[in-house]
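1. One predicted model, sequence on top.
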Amino acid sequence: MGREKKSPGLKILWIWTLGTAAILVTSVVRTRMQDMESMMNQEQVPKQNQNTSAGKVVLTDETVLPESDREIAKELK
């Protein structure tokens, strides 16, 4: 009772099925990685904005004050 000989069509069908499954798995993994990367970038953007706004120099006619100094200036007016 040796192994039965499979038809070439069945072999091609198995190769096609496994290849399609591999492509789908690769696509899902790639999409998940891109989503995770974009989520991490979105988390970093607010942190970068907070860090850069603290050391930001704005050249305007008005003086830019931190929030605590603005409250003191309002009380003095």
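-> Received the coordinates, thanks.

2. Next one: residue 52, what pLDDT does it get?
-> With respect to pLDDT, residue 52 scores 58.

3. now residue 45
-> pLDDT at residue 45 comes out at 75.

4. and if you look at the one 3 residues further on?
-> Reading off the per-residue confidence, residue 48 sits at a pLDDT of 67.

5. same question, residue 62
-> 59.

6. continuing past the longest helix seen in the chain, what's the next helix or strand?
-> As assigned by DSSP state H, the longest helix anywhere in the chain is helix 8-54. Proceeding N to C from helix 8-54, the next assigned helix or strand is helix 67-76, under DSSP states H and E.

7. Average pLDDT for that following helix, rounded please.
-> 73.

8. what separates that helix from the chain centre, distance-wise?
-> In this view, helix 67-76 has its centroid 39 Å away from the chain centroid, taken as C-alpha atoms, centre = their mean, to the nearest Å.

9. Quick check: buried residues in that helix?
-> For helix 67-76, the neighbour count (16 or more other C-beta atoms under 10 Å) marks no residue as buried. The way it works is simple: take the backbone N, C-alpha and C, and place the C-beta from them, glycine included.

10. Tell me which other helices or strands it touches.
-> Packed against helix 67-76, as judged by 3 or more C-beta pairs under 8 Å, 6 or more residues apart in numbering; DSSP states H and E, are no other helices or strands.
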